[in-house]
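Novice: Need the 3D shape of this:
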Amino acid sequence: YILRLFGEIGNRFVLPEVSGEVLMLMAALAGAAAAFGGFESGARTASVIYPFVIWPLGLLILLSAFTVRTEYLGPGTAVLDASILPVAGSVFLVFAGAGSFLFAVPNVEGKPCAALKTAALRTFACLGALFLVMTGAFGEGGLKFMAWPVIALMSSAEIPGVFFQRWDVIFVGLLLMEMFISAGTNVYNLTDCGRRLWKKGGKGAAALWAGAGFLCALWCGTYERAMNLYLAVNGAAAVVLTLLAVIFWFAERSRQR
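Specialist: The predicted structure follows:
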């Protein structure tokens, strides 16, 4: 999903003359190269880059909050109800790579629980504010009809002066950087899982996992299909993990009794 998302955004907003498949291959190769450095290298990279992504995101949300797109607004179009949930889900999915920060940052700051909570609260606070600002700017109707409302919103962000006027470009750059880090983290995690399960690890295994990820993204064919597969697999995994957690909790309570 991350590879398809990288190819879709990169092709549509940055390099329209380059196919999404070529950009996906670049991200897969970058992920393999990042995984070669091991977890410590990837975690320190994430911890350094995290503030350069999360704080500019908060600033862009603040700057874009003063813009209202009246062409998208109409009676009742800024109402928050259940019909907006799929839109909210798609907005959050664009930031799926933020998980690489949440998993990597706590392991290099010395206090895993506190660091994880802080990173999660900051990230989700920014995403929640982003969604509310978008609803106010475009209304429910505007969000439903726009393919990439987050990037469209950032094109409205303005600050005094003329040095930067295309904040959407800067925002896309931050997103792509986040996805590069996420690709490396995911390839490393797959390699580590393979080492634990089948005793196969190292740079060769990382290259194979990156190649498998690229072939899977290629097989999906479109971003929408990759997103549906991502939701189906993670939804099933969430159900299974929740059931296991409940079972283990009851088993532990029974053992204590």
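
Novice: tell me the average confidence for stretch 230-248?
Specialist: Mean pLDDT, computed over stretch 230-248, is 87.

Novice: going forward, begin numbering at 59 instead of 1
Specialist: I'll keep to 59 as the first residue from here, and by that count the last item is stretch 288-306.

Novice: mind listing what's buried in that stretch?
Specialist: For stretch 288-306, a neighbour-count test (16 or more other C-beta atoms under 10 Å) marks Tyr288 as buried. Where you see a C-beta, it was placed from the backbone N, CA and C, and this is true even at glycine.

Novice: For it, C-alpha coordinates in PDB please.
Specialist: Included here for stretch 288-306 are C-alpha records, laid out as PDB according to Å, rounded to 0.1, in the frame of the first residue of the first chain:
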ATOM      1  CA  TYR A 288      -4.600  -3.000   2.800                       C
ATOM      2  CA  LEU A 289      -7.900  -2.400   4.600                       C
ATOM      3  CA  ALA A 290      -9.100  -6.000   4.300                       C
ATOM      4  CA  VAL A 291      -5.800  -7.600   5.500                       C
ATOM      5  CA  ASN A 292      -5.400  -5.100   8.400                       C
ATOM      6  CA  GLY A 293      -9.100  -5.400   9.400                       C
ATOM      7  CA  ALA A 294      -8.900  -9.100   9.600                       C
ATOM      8  CA  ALA A 295      -5.600  -8.900  11.500                       C
ATOM      9  CA  ALA A 296      -7.200  -6.400  14.000                       C
ATOM     10  CA  VAL A 297     -10.100  -8.800  14.600                       C
ATOM     11  CA  VAL A 298      -7.800 -11.800  15.200                       C
ATOM     12  CA  LEU A 299      -5.500  -9.800  17.500                       C
ATOM     13  CA  THR A 300      -8.400  -8.400  19.500                       C
ATOM     14  CA  LEU A 301      -9.800 -11.900  20.000                       C
ATOM     15  CA  LEU A 302      -6.400 -13.300  21.000                       C
ATOM     16  CA  ALA A 303      -5.900 -10.400  23.500                       C
ATOM     17  CA  VAL A 304      -9.300 -11.100  25.100                       C
ATOM     18  CA  ILE A 305      -8.500 -14.900  25.300                       C
ATOM     19  CA  PHE A 306      -5.100 -14.200  26.900                       C
END
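
Novice: Glu282 versus Arg315, what's the distance?
Specialist: Using C-beta to C-beta, to the nearest Å, Arg315 is found at 50 Å from Glu282.

Novice: who has more neighbours, these two?
Specialist: More crowded of Arg315 and Glu282, by other C-beta atoms under 10 Å: Glu282, with 11 against 5.

Novice: Compute the distance between that one and Ala290, please.
Specialist: Applying C-beta to C-beta to Glu282 and Ala290 gives a distance of 13 Å.

Novice: Check Arg180 too.
Specialist: Between Arg180 and Ala290 the computed distance is 29 Å (C-beta to C-beta).

Novice: same question, Ala187
Specialist: Ala187 sits at a distance of 29 Å from Ala290 (criterion: C-beta to C-beta).

Novice: Show me which positions of the helix or strand Leu120 falls within end up buried.
Specialist: Secondary structure from DSSP states H and E places Leu120 in helix 96-122. By neighbour count on 16+ other C-beta under 10 Å, the buried set for helix 96-122 is 97, 100-101, 103-105, 107-108, 111-112, 115, 118-119, 121-122.

Novice: what about that helix, average pLDDT?
Specialist: For helix 96-122, the mean per-residue pLDDT is 73.

Novice: Please apply the same query to stretch 67-81.
Specialist: 85.

Novice: What of stretch 245-252?
Specialist: Averaged over stretch 245-252, pLDDT sits at 85.
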